[in-house]
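Asks: prediction below, plus the sequence it came from.
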Amino acid sequence: MFNDLIDISGFSLHTYGVMTALAFMVGVWLMSREASRVGIEPNLIYEMSFPVLLWSMLGARTLYILTNFSDYISRMKNGDYFAMLRVWEGGLVFYGGFLASIIAGTYYVRKYKLNVYKLMDIITIAVPLSHAIGRLGCFSAGCCYGHATDSAIGIAFPKNSIPYVDEVLAHKITPETLHSLTLHPTQLYEALGLTIIFFILWTYRSRKRFHGEIFLIYVTLYAVERSIVEIFRGDGIRKHIFKFSPDSVTSALGLPQGSPIFMSTSQFIAVLIIIGAFLFRLWMKKKNKAL
């Protein structure tokens with residue numbers, strides 16, 4: 001886990017930021033390539049990408065702050081007035097960015113009179129792979145970490161990393177300990193899941209039956225994948241609508257006793273998205289939007 005790619009004489013280049021930038025560049029390249037394939041001017045993608053990215057970052061950060069608002073208020077009272085602005089330390093909620101990007105994209109749909117469903121499919125092609133790269137940034141920063149595990153695939157994060165500090169504050173380890181407990185690498189679980197989703201979409205995109213279908217497949221697959229990964233998440237910043245933690249299930253999964261497997265904020269949003277995607281598909285069939 002390398003939080004800093006470069007650290008020379010006080011100058012640090014955070015891996016999290018580098019991965020975010022790489023994710024953006026890969027995403028723009030994929031979107032422009034797909035736009036060209038389906039007959040849309042690639043320059044349009046270049047024009048809209050940066051503003052949509054800014055909106056996405058704002059939405060992702062805003063939802064993160066809202067779900068951890070009391071923590072930020074406490075930090076501000078202790079003199080840390082700029083805690084909300086330090087995005088490079090980690091702290092983005094994907095669904096917040098996803099929803100904000102849809103809102104921003106609506107402007108360009110109206111400006112250029114585009115087929116909104118066609119544009120959604122173009123953008124969707126790039127999202128899972130870009131998100132997977134971003135999750136590698138999460139891994140480098142140590143955020144979005146998992147529950148403690150004795151599994152051979154568990155990862156111990158170094159001293160002063162996010163999970164290490166959280167565990168010291170929670171009295172799970174002492175300050176003299178050299179690294180965190182061995183944890184589920186949930187960042188890598190999700191990166192793998194997102195990469196698989198990307199290849200499914202990339203393979204299917206030329207066989208889709210109507211504009212918008214790629215988007216519907218993606219949001220459904222991601223909602224399922226994210227909900228599964230959430231079961232293994234152990235970071236204390238996660239919030240729950242309610243907590244369901246059957247001992248038989250947590251024991252079978254090798255999770256600490258009392259670990260909630262349902263329903264985190266992200267799982268709640270995922271359920272709503274799956275329902276929405278199903279209803280949207282029925283509506284599309286009714287309106288006869290087939291190609």
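Replies: Cool, got the structure. Numbers count the residues shown, from 1 in each chain.
Asks: contact partners for Leu201?
Replies: Thr124, Ile125, Pro128, Ile214, Ile217, Tyr218 (Cβ atoms under 8 Å, 6 or more residues apart in numbering). Glycine gets a C-beta too; all of them are placed from N, C-alpha and C.
Asks: run a quick neighbour tally on the last one.
Replies: Other residues near Tyr218 number 23, with proximity taken as other Cβ atoms under 10 Å.
Asks: quick one: mean pLDDT over the helix or strand hosting it.
Replies: Using DSSP states H and E, Tyr218 maps to helix 213-232. Mean pLDDT, helix 213-232: 94.
Asks: continuing past that helix, what's the next helix or strand?
Replies: Per DSSP H and E, the first helix or strand lying C-terminal to helix 213-232 is strand 240-244.
Asks: tell me the angle that following strand makes with helix 213-232.
Replies: Strand 240-244 and helix 213-232 are oriented at 60 degrees to each other (axes from the mean of the first three to the mean of the last three Cα atoms, to 10 degrees).
Asks: got the buried residues for strand 240-244?
Replies: Neighbour counts over strand 240-244 (16 or more other Cβ atoms under 10 Å) mark His240 as buried.
Asks: list the strands paired with it, with their directions.
Replies: Strand pairing for strand 240-244, using DSSP bridges, gives strand 262-264 (antiparallel).
Asks: which outside residues touch the partner strand?
Replies: Glu230, Ile231, Arg233, Arg238, Lys239, His240, Ile241, Phe242, Lys243, Phe244, Val271.
Asks: make it 6 Å
Replies: With Cβ atoms under 6 Å, 6 or more residues apart in numbering as the contact definition, strand 262-264 has outside contacts at Glu230, Arg238, His240, Ile241, Phe242, Phe244.
Asks: now, among those residues, which is nearest to Gly258?
Replies: Nearest to Gly258 out of these is Phe244 (Cβ to Cβ; 11.1 Å).
Asks: show me what the closest one bridges to in the sheet.
Replies: In beta-bridge terms (that is, DSSP bridges), Phe244 pairs with Phe262.
Asks: who wins for most neighbours among the contacts of Leu201?
Replies: Highest neighbour count within the contacts of Leu201: Pro128, with 26 neighbours (other Cβ under 10 Å).
Asks: buried ones in the stretch of helix or strand that one belongs to, by neighbour count?
Replies: For Pro128, the host element (DSSP H and E) is helix 116-141. Under the neighbour-count criterion of 16+ other Cβ under 10 Å, helix 116-141 has 117-141 buried.
Asks: which elements pack onto the helix holding Tyr218?
Replies: helix 116-141, helix 186-204, helix 265-286 (3 or more Cβ pairs under 6 Å, 6 or more residues apart in numbering; DSSP states H and E).
Asks: helix 213-232 and the longest one, what's the angle between them?
Replies: Relative orientation of helix 116-141 versus helix 213-232 (the same axes, to 10 degrees): 30 degrees.
Asks: following the chain onward from helix 116-141, which element is next?
Replies: Immediately after helix 116-141, counting by DSSP H and E, sits strand 155-158.
Asks: alpha carbons of that following strand, in PDB - could you do that?
Replies: Extracted C-alpha coordinates of strand 155-158, given in PDB (Å, rounded to 0.1, in the frame of the first residue of the first chain):
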ATOM      1  CA  ILE A 155      -4.100  -7.300   3.900                       C
ATOM      2  CA  ALA A 156      -2.400  -5.500   6.800                       C
ATOM      3  CA  PHE A 157      -2.100  -1.700   6.200                       C
ATOM      4  CA  PRO A 158       1.000   0.200   7.500                       C
END
